[in-house]
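>>> After the sequence you'll find the predicted model.
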Amino acid sequence: MVPIAWYLILAAILFSTGVASFLIKRNVVTIFMSIELMLNAVNLTFVAFAHMWHQVNGQIFVFFVMVVAAAEAAVGLAIIIAIFRTRSTLNVDQINLMKS
Amino acid sequence: MELALFIIFGLIAVAGALNFLFQRHPINSALSLVTVMMSLAVLYWSLGAEFLAAAQVIVYSGAIMVLFVFVIMLLNAGEEERTTGSRMAYIAGFPGAAAIFCLLSFVFLTERKALGNANIGGYLNNFTSNISEISTVLFTKLLLPFEVTSVLILVAILGAVVLARKEQ
């Protein structure tokens, strides 16, 4: 018997770690990975609430989130490869072409 | 038993997430993120989502993270350096993330009674498995969104090929 709130707090820890690493990391690939960490934390809350309500809809939502995350990872990594080819850096502070 | 599972794999997940945050090299971050995803798969299983536990291992740690590791090796990414932007992000980032965590856990702890407890293995009886329940809903009520995701995947594949193609 584990309280559902503990699962939600674990998800909150993972989500805020993802937010912190999204803000402080300077590598494009690592920033992209912290988005995946946040998506995983949200998935855990969906599964916990699906368990709580005795319904399967939350799990189906997690399935769709996984599909979208896979598509997003493919497109995002292709963009990162294209950026690296033209700028030959992965540091976000040096990718500032659109800054005045 | 479920309490032990939750504590062990929850601690592994939190340790992996903190290691992800504090490692400087992208490949170390990627491998600790795989640890987080595998322990989340165990937690999904203990919440009665067997299909999602398998999909988490196969899709997330098997496909997405391998793609990330491939890209890190392809681009030969080294240790990241600290800049002025990252110092500002340190000042604003950690208090902001801590504030988000405090707000979320305050809400969850005040609503703890209403949220109830989790029992191991889910809630369905022995005659309907989790997978058949999911597929029944997915292929009857949600058939159109399910088919639209296949179009989304196709568009993503085409976009990835076009974006990563070498310019002539």
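Perfect, I can see it now.

>>> ok, so what distance separates B:Leu21 from B:Ala97?
Counting by Cβ to Cβ, to the nearest Å, the separation of B:Leu21 from B:Ala97 is 9 Å. Bear in mind the C-beta positions are built from the backbone N, C-alpha and C, glycine included.

>>> Name the residues contacting each of these two.
A:Thr17, A:Ala20 (Cβ atoms under 8 Å, 6 or more residues apart in numbering or on different chains).

>>> so B:Ile134 makes contact with A:Gln59?
Yes. Contact criterion Cβ atoms under 8 Å: B:Ile134 and A:Gln59 qualify, at 6.0 Å.

>>> Quick check: neighbours shared by those two?
B:Phe51.

>>> show me where chain B has helices.
B:2-22, B:26-46, B:50-55, B:65-75, B:84-110, B:112-115, B:130-140, B:143-164 (DSSP state H).

>>> In space, what's closest to B:Pro145 - neighbours in sequence excluded?
A:Phe64 (6.9 Å; Cβ to Cβ, 6 or more residues apart in numbering or on different chains).

>>> pLDDT of the one helix or strand that neighbour maps to, averaged?
Using DSSP states H and E, the element containing A:Phe64 is helix A:57-87. Averaging pLDDT along helix A:57-87 yields 92.

>>> buried stuff in it?
A:58-64, A:66-67, A:69-78, A:80-84 (16 or more other Cβ atoms under 10 Å in any protein chain shown).

>>> Okay, the residue positioned nearest the centre of chain B and A:Phe49: tell me how far apart.
Centrality entry for chain B: nearest residue to the mean C-alpha point is B:Met37, 5.5 Å, by Cα atoms, centre = their mean. Per Cβ to Cβ, B:Met37 is found 20 Å from A:Phe49.

>>> Same question for B:Ile120.
For B:Ile120, the distance to A:Phe49 - Cβ to Cβ - is 17 Å.

>>> Who has more neighbours out of those two?
A:Phe49 (19 against 15; other Cβ atoms under 10 Å in any protein chain shown).

>>> can you pull the contacts of A:Met38?
A:Leu14, A:Phe15, A:Gly18, A:Val19, A:Phe22.
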